[in-house]
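In: structure of the sequence below:
(2 chains)
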Amino acid sequence: LAKTTQPISMDSYEGQEVNITCSHNNIATNDYITWYQQFPSQGPRFIIQGYKTKVTNEVASLFIPADRKSSTLSLPRVSLSDTAVYYCLDNGMDSSYKLIFGSGTRLLVRP
Amino acid sequence: EAGVAQSPRYKIIEKRQSVAFWCNPISGHATLYWYQQILGQGPKLLIQFQNNGVVDDSQLPKDRFSAERLKGVDSTLKIQPAKLEDSAVYLCASSARTGWDREDSPLHFGNGTRLTVT
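Out: Modelled structure (predicted):
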């Protein structure tokens, strides 16, 4: 059973900023929040990870409020190539921790 | 660094036949995972190894699925006999996780083996 909840799908247009929110109400103190991106016929690919506040890399930003019960993946100025499924996971630091994927959010970027 | 390698890329078999998938993780990665991904769904964890020991196989259908990781490197996943509902993509992933790490090490996935059971 997935520990996170995300919208099933989202639509956007090229050049827009896209924000995908994930709920993880039962996140544990030591859990990180990680987002993956998956294109058709490929395995998921790591995008970004955070513990609290804001994390930014060359691909995306991740916003985590103080209570850590949700997180928002922000993709600035999306392009057609950002059309993919996006998964959020909350995962513990213990190597025996199960990494459980939900159904993800299918993002469609239109011209 | 080289990524996670999986083979074959595609496999078509008839029900009740057997099939095996192979995975070579990123060099030095202690933790290896096999996931099953049915079309339209997220990946489902089948089994997790740390080095050559099984950490979790609670969702592996052990009556027909088996997996091993010899010498803590390569891994094989076998299905015998296959059923129609086993049609899916089988993904292998590896991670540098070794235990209680200071930061979480993300998963690195291969491109999977697409299995069709007819």
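
In: can you name the residue of chain B nearest chain A?
Out: B:Phe109 (2.8 Å; CB to the nearest CB). C-beta here means a position set from N, CA and C on the backbone, and glycine is covered the same way.

In: enumerate the beta-bridge partners assigned to that residue.
Out: B:Ala93 (DSSP bridges).

In: burial of residue 69, as a residue count?
Out: Defaulting to chain A. 14 (other CB atoms under 10 Å in any protein chain shown).

In: switch to chain B, please.
Out: 21.

In: isn't it right next to B:Trp34, touching?
Out: No: using CB atoms under 8 Å, B:Arg69 makes no contact with B:Trp34, being 9.6 Å away.

In: find residues that contact each of the two.
Out: Here B:Arg69 and B:Trp34 have B:Ser75 as joint contacts, going by CB atoms under 8 Å, 6 or more residues apart in numbering or on different chains.

In: lowest-pLDDT helix or strand in chain B?
Out: strand B:53-56 (a mean of 90; mean pLDDT, DSSP states H and E).

In: just checking: what are the partner strands of that one?
Out: Partners of strand B:53-56, by DSSP bridges, with direction: strand B:44-50 (antiparallel).

In: so how far is the strand it pairs with off the chain centroid?
Out: Averaging C-alpha positions (CA atoms, centre = their mean, to the nearest Å) puts strand B:44-50 7 Å from its chain's average.

In: buried stuff in the least confident helix or strand of chain B?
Out: Buried residues in strand B:53-56, defined by neighbour count with 16 or more other CB atoms under 10 Å in any protein chain shown: B:55-56.

In: what's the first helix or strand after it?
Out: Note on strand B:53-56: by DSSP states H and E, the next helix or strand toward the C-terminus is strand B:65-68.

In: once you drop chain neighbours, what's closest to whichever residue of chain A sits closest to chain B?
Out: With CB to the nearest CB as the measure, A:Gly43 is the residue of chain A nearest to chain B, at 2.8 Å. What sits nearest to A:Gly43 in space, not counting adjacent residues and going by CB to CB, 6 or more residues apart in numbering or on different chains, is B:Phe109, at 2.8 Å.
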